[in-house]
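Colleague: For reference, the sequence and a predicted model appear below.
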Amino acid sequence: MQLIFINSMKAILNKYRFFFILLFIFGFIFGMDNVILSGSFKGIETYKHFIYMGCLVVGVLFLIYQIMKEDEKNN
């Protein structure tokens, strides 16, 4: 019973992987936009800019990893 549930969940994840990646992109951009627009980058506190840049780099690397993994599956 549990194996059937796991296999069906894997099938759903594989079928809609593209939409989950788009959902992640939307959430990531929405979250970063809220942080920026809240005014937390005002002033000369450079460490906040480094945190922001680090989040952007991590997000892009995660997306590249997911796209490469998806491409590897298709080949």
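Modeller: Okay, I see it.
Colleague: Tell me who's in contact with the residue most central in space within the chain.
Modeller: In the chain, the centroid-proximal residue (CA atoms, centre = their mean) is Phe24; its distance is 4.1 Å. By CB atoms under 8 Å, 6 or more residues apart in numbering, the residues touching Phe24 are 62-63, 66. C-beta: built from backbone N, CA, C; applies to glycine.
Colleague: Need the residues you listed in CSV (columns: secondary structure, distance to Gly54 and neighbour count).
Modeller: Output for the contacts of Phe24, formatted as CSV (DSSP: H, G, I helix; E, B strand; the rest coil; distance: CB to CB, whole Å; neighbours: other CB atoms under 10 Å):
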residue, secondary structure, distance to Gly54, neighbour count
Phe62, helix, 13, 14
Leu63, helix, 15, 14
Gln66, helix, 19, 15
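Colleague: what would those residues look like in JSON lines with pLDDT and distance to Cys55?
Modeller: Formatted as JSON lines, the contacts of Phe24 follow (pLDDT from 0 to 100; distance: CB to CB, whole Å):
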{"residue": "Phe62", "pLDDT": "85", "distance to Cys55": "11"}
{"residue": "Leu63", "pLDDT": "81", "distance to Cys55": "13"}
{"residue": "Gln66", "pLDDT": "80", "distance to Cys55": "17"}
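Colleague: Go through those and say which is closest to Asn7.
Modeller: Gln66 (21.3 Å; CB to CB).
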